[in-house]
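In: What shape does this take:
(4 chains)
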Protein chains: 2
Amino acid sequence: MHPASVFVMSTPGVRRATLADVARRAHTSVPTVSKVLRGRSDVSDGLRARILEVIAEVGYVRPGSTTAVTAAHPQPLVDLVLAGVAGSWANRILIGVERAAVEAGVDLVVSVARGDDEGWLQRLLARDLGGAVLALVDMTGSRLAALQAARVPVVLLDPSRRPPSGVSSVGATNWAGGHAAAEHLLGLGHRELAVIGGFKSHLYSQARVDGFRSALAEVGIELASERIGYGDWATDDAEEVAAGFLGSPSRPTAIFACSDDMALGVYRAAAALDLRIPEDLSVVGFDDLPEAQWVSPALTTVHQPIAEMGEAALRLLLRMRSGSAAVDAREEMATRLIARASTAPPPLRTSTS
Amino acid sequence: MHPASVFVMSTPGVRRATLADVARRAHTSVPTVSKVLRGRSDVSDGLRARILEVIAEVGYVRPGSTTAVTAAHPQPLVDLVLAGVAGSWANRILIGVERAAVEAGVDLVVSVARGDDEGWLQRLLARDLGGAVLALVDMTGSRLAALQAARVPVVLLDPSRRPPSGVSSVGATNWAGGHAAAEHLLGLGHRELAVIGGFKSHLYSQARVDGFRSALAEVGIELASERIGYGDWATDDAEEVAAGFLGSPSRPTAIFACSDDMALGVYRAAAALDLRIPEDLSVVGFDDLPEAQWVSPALTTVHQPIAEMGEAALRLLLRMRSGSAAVDAREEMATRLIARASTAPPPLRTSTS
DNA sequence: CTGAAAGCGCTTACAG
DNA sequence: CTGAAAGCGCTTACAG
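Out: I've put the predicted structure just below:
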């Protein structure tokens, strides 16, 4: 770097360059730089060239210029794109992202992407923003490509599929969460366990089921395929799957549902068979939605730090933008089991296996 | 072209007004005018009003403002400023405002204003956006003044105090809601009623209490002053007030709490005295938060269409911006009583009054 | 609260 | 050509 850079005390980007900065680095005076900027002819070609060079170097922009307002926002905008803004999941994401945005002094543009609507993408590209956190369930390759081509830094928040290389993401420790659910049930004495996963193609479904299975394997329990079911993440579907488990002769004493919504389906299936929770059946969910505290009995579940994931996503984005983080980072926030009233030791059985 | 030149077109041939011009005409100093423009609070209301008048009169525009740029290329951004982003109230506002924004094809910048932090205001003024919906509990006159001086259209969402003239707002029919609560309880046969309001200075508290009182007066029941209490909108404070009502010899058979949070305080006070709801005591809340459905017994409450208020606020803002709505409009969205399990006919009494 | 004073970033007029 | 000096519009820090 040029030795004269010693004069540029503050970090570039924090303080906007002034005419004085340019003058100093070009070894000339402020009035002369002003002349160059105003297109006056009474400046020698050599000096003008040197000044123009420095102007480009330090990124000087005239106050009030269009570039100044559009490109050099003192506080840039960052996008948060959500599949919807209603619901606890979206709200907690927003809480976290907003918290980090306030802290960093950036403003947040919140867009909603519904189905095939690409209005948000067009507007985002038109605005030429500082970056985007995408909390979309379904992020197609073409949309990502458009963002990459426009050099918009992007972080995927809890993507359902493995992101393409070169795309950063933030998620939760799903495997560890499934593992913790199994350990909790094993610790209570359960040996007859079943699991209900979500869509098989979803990363977090696979990871939760795998973590659960691994913990069982560690104590020598093989999870039979009849004890693994899959739902569509929603209550109704899980109710059917649970009914299948509970209606079989080798009824499990505990079920791990990979979402709280699905755990509620297990509640319903148990109620239909007059099985009491937790006396006859223990249930563990995943997510820790607000409902988990309200339902009766209160649901033991694996807490996902959703707001913290949002916070981490925005921070990662800002680090990527400033060049201090790789563009294909992956961060995972820790999950933890919250023991409530839906789990207890298994009922005593007449026949011991 | 200098952006400001577009604005100068409105007064051709005339030198652009400066702070000094404004100061002179307002018989004050340049620093004071500067303060008003930046939304600082340390200017007296009278002086601020005079300065704002002169600013409008001479058509002063902040240099470097993007007014011209925005006029040439309307950036479809609108601000939503919230006191916080967590909680059901904020979330429902956001849902409504976002819905209307998507519909209108504008993007939403969500800012959080915490206490005395004025970062959001500085950023908003720097961006010079298409307008702002302010869902702040506490909107000081100095901040509004800065927005008015910058010609940013503004709509206050459910303001706690009557907005100054020239400022639009959207609220709920609070008086009608209090009236409906009373009618519901009267219809069940209650004659011994009490009410718990929120902060006396809050518009919506006064209106709810007044509506309640009016409905009683219509059937010839005078609400005694011992039957009117005030809390701070929160559960704890309301519990104390309710304990006072319920501990008195002339115990009411029904209590109307002006917020759901306060209604939960009534629940607690009743539980502490072994009073059953609704057999011994009927309770009506206000807001219809999600909790109202989850608590036991489910709370009868006055529903506030919060998302719809958000929607209305953004629509009003866009109409104001396009000139098809007055800048001092007031819209009220209808509340409605949702009867659940916390209200029933009053208990039979041995002594009839 | 109010505004005099100092300061900042830029422009203008002009001496060399 | 070049840049010191004066000036302009605005902001900030602070005395009263």
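
In: A:Thr343: how many residues sit nearby?
Out: 24 (other Cβ atoms under 10 Å in any protein chain shown). Any C-beta I mention is one placed from the backbone N, CA and C, and that applies to glycine too.

In: Now do the contacts for A:Ala182.
Out: A:193, A:211-216, A:256 (Cβ atoms under 8 Å, 6 or more residues apart in numbering or on different chains).

In: Of those residues - the most surrounded one?
Out: Of the contacts of A:Ala182, with other Cβ under 10 Å as the count, A:Phe256 tops at 32 neighbours.

In: still on that earlier bit, mark which of the contacts of A:Ala182 are part of helices, please.
Out: A:211-216 (DSSP state H).

In: need those in TSV with pLDDT, can you?
Out: Listed next are those as TSV, based on pLDDT from 0 to 100:
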residue	pLDDT
A:Gly211	97
A:Phe212	98
A:Arg213	97
A:Ser214	97
A:Ala215	97
A:Leu216	97
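
In: From those, pick out the ones that also neighbour DNA strand D.
Out: Among the ones in helices among the contacts of A:Ala182, no residue lies close to DNA strand D (Cβ under 7 Å from any atom of the strand).

In: So A:Leu264 sits against A:Ala234, correct?
Out: No. Between A:Leu264 and A:Ala234 there is no contact under Cβ atoms under 8 Å: 9.4 Å.

In: more crowded one of these two?
Out: A side-by-side neighbour count of A:Leu264 and A:Ala234, using other Cβ under 10 Å, places A:Leu264 first with 23 against 14.

In: ok, how many other residues are close to A:Ala104?
Out: Other residues close to A:Ala104 by other Cβ under 10 Å number 14.

In: Quick check: it vs DNA strand D, distance?
Out: Distance, A:Ala104 to DNA strand D, using Cβ to the nearest atom of the strand, to the nearest Å: 20 Å.

In: Now that residue: closest residue in space, sequence neighbours ignored.
Out: A:Leu318 (5.6 Å; Cβ to Cβ, 6 or more residues apart in numbering or on different chains).

In: Let's see the pLDDT reported for A:Met320.
Out: A:Met320 carries a pLDDT score of 90 in this model.

In: Please read the previous query as pertaining to A:Trp120.
Out: As predicted, A:Trp120 sits at a pLDDT of 78.

In: Leaving out chain neighbours, which residue sits closest to it?
Out: A:Ser111 (3.9 Å).

In: In which helix or strand does the one you found reside?
Out: Per DSSP states H and E: A:Ser111 is located in strand A:107-112.

In: buried sites along the very next helix or strand once past that strand?
Out: Once the chain leaves strand A:107-112, the next helix or strand it forms, by DSSP H and E, is helix A:119-127. Buried residues in helix A:119-127, counted by 16 or more other Cβ atoms under 10 Å in any protein chain shown: A:120-121, A:123-124, A:127.

In: same check, this time on stretch A:83-97
Out: Buried residues in stretch A:83-97 (16+ other Cβ under 10 Å): A:83, A:85-86, A:88-97.

In: what does stretch A:228-239 give?
Out: Neighbour-count burial for stretch A:228-239 [16+ other Cβ under 10 Å]: A:228-231, A:233, A:235, A:237-239.

In: Looking at that stretch now, give me its mean pLDDT.
Out: Stretch A:228-239 comes out with an average pLDDT of 96.

In: Does A:Ala113 touch A:Trp120 like I think?
Out: Yes. At 4.9 Å, A:Ala113 counts as touching A:Trp120 under the criterion of Cβ under 8 Å.

In: Residue numbers of chain A in contact with DNA strand C?
Out: A:18-20, A:30-31, A:34-35, A:37-38, A:62-63.

In: any common contacting residues for A:Ala113 and A:Trp120?
Out: By Cβ under 8 Å, 6+ apart, the residues touching both A:Ala113 and A:Trp120 are A:Val81.

In: that older thread, any chance of TSV for the contacts of A:Ala182, columns distance to chain B?
Out: Shown next, in TSV, are the contacts of A:Ala182 (distance: Cβ to the nearest Cβ, whole Å):
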residue	distance to chain B
A:Leu193	30
A:Gly211	30
A:Phe212	29
A:Arg213	34
A:Ser214	35
A:Ala215	32
A:Leu216	34
A:Phe256	24
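
In: any idea which of the residues you listed is the one closest to B:Ser201?
Out: Of all the contacts of A:Ala182, B:Ser201 sits closest to A:Phe256, with 51.6 Å by Cβ to Cβ.

In: and that closest one, bridged to which residues?
Out: A:Val195, A:Val284 (DSSP bridges).

In: pLDDT score for it?
Out: A:Phe256 is given a pLDDT of 98.

In: With the one 3 residues further on instead?
Out: A:Ser259 is assigned a pLDDT of 97 by the prediction.

In: hang on, A:Val36 packs against A:Asp42?
Out: No. The pair A:Val36 / A:Asp42 is not scored as a contact, 10.2 Å apart, by Cβ under 8 Å.

In: For these two, indicate the residue with more neighbours.
Out: Higher neighbour count among A:Val36 and A:Asp42: A:Val36, with 20 against 6, using other Cβ under 10 Å.

In: so the strand holding A:Ser111 versus helix A:119-127, what angle?
Out: Taking axes from the mean of the first three to the mean of the last three Cα atoms, to 10 degrees, strand A:107-112 and helix A:119-127 form an angle of 150 degrees between their directions.

In: distance between strand A:107-112 and the chain's centre?
Out: Strand A:107-112 has its C-alpha centroid displaced from the chain centroid by 15 Å (Cα atoms, centre = their mean, to the nearest Å).

In: I'd like the average pLDDT over it.
Out: 88.

In: now the residues of chain A next to DNA strand C: which count as buried?
Out: Buried by 16+ other Cβ under 10 Å: A:19, A:35, A:37, out of these.

In: For A:Leu318, give me its contacts.
Out: Contacts of A:Leu318 (Cβ under 8 Å, 6+ apart): A:78, A:100, A:104, A:106, A:131.

In: need those residues in a markdown table with secondary structure and distance to A:Leu52, can you?
Out: Converted to a markdown table, the contacts of A:Leu318 look like this (DSSP: H, G, I helix; E, B strand; the rest coil; distance: Cβ to Cβ, whole Å):
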| residue | secondary structure | distance to A:Leu52 |
| --- | --- | --- |
| A:Val78 | strand | 32 |
| A:Ala100 | helix | 38 |
| A:Ala104 | helix | 33 |
| A:Val106 | coil | 31 |
| A:Gly131 | coil | 30 |
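
In: Looking at those residues, spot the one nearest B:Thr140.
Out: Nearest member of the contacts of A:Leu318 to B:Thr140, counting by Cβ to Cβ, is A:Val106, at 24.3 Å.

In: My read is that that closest one contacts A:Leu77, right?
Out: Yes. Counting by Cβ under 8 Å, A:Val106 does reach A:Leu77; the two are 6.8 Å apart.

In: and for those two, which residues touch both?
Out: Contacts common to A:Val106 and A:Leu77, judged by Cβ under 8 Å, 6+ apart, are A:Gly130.
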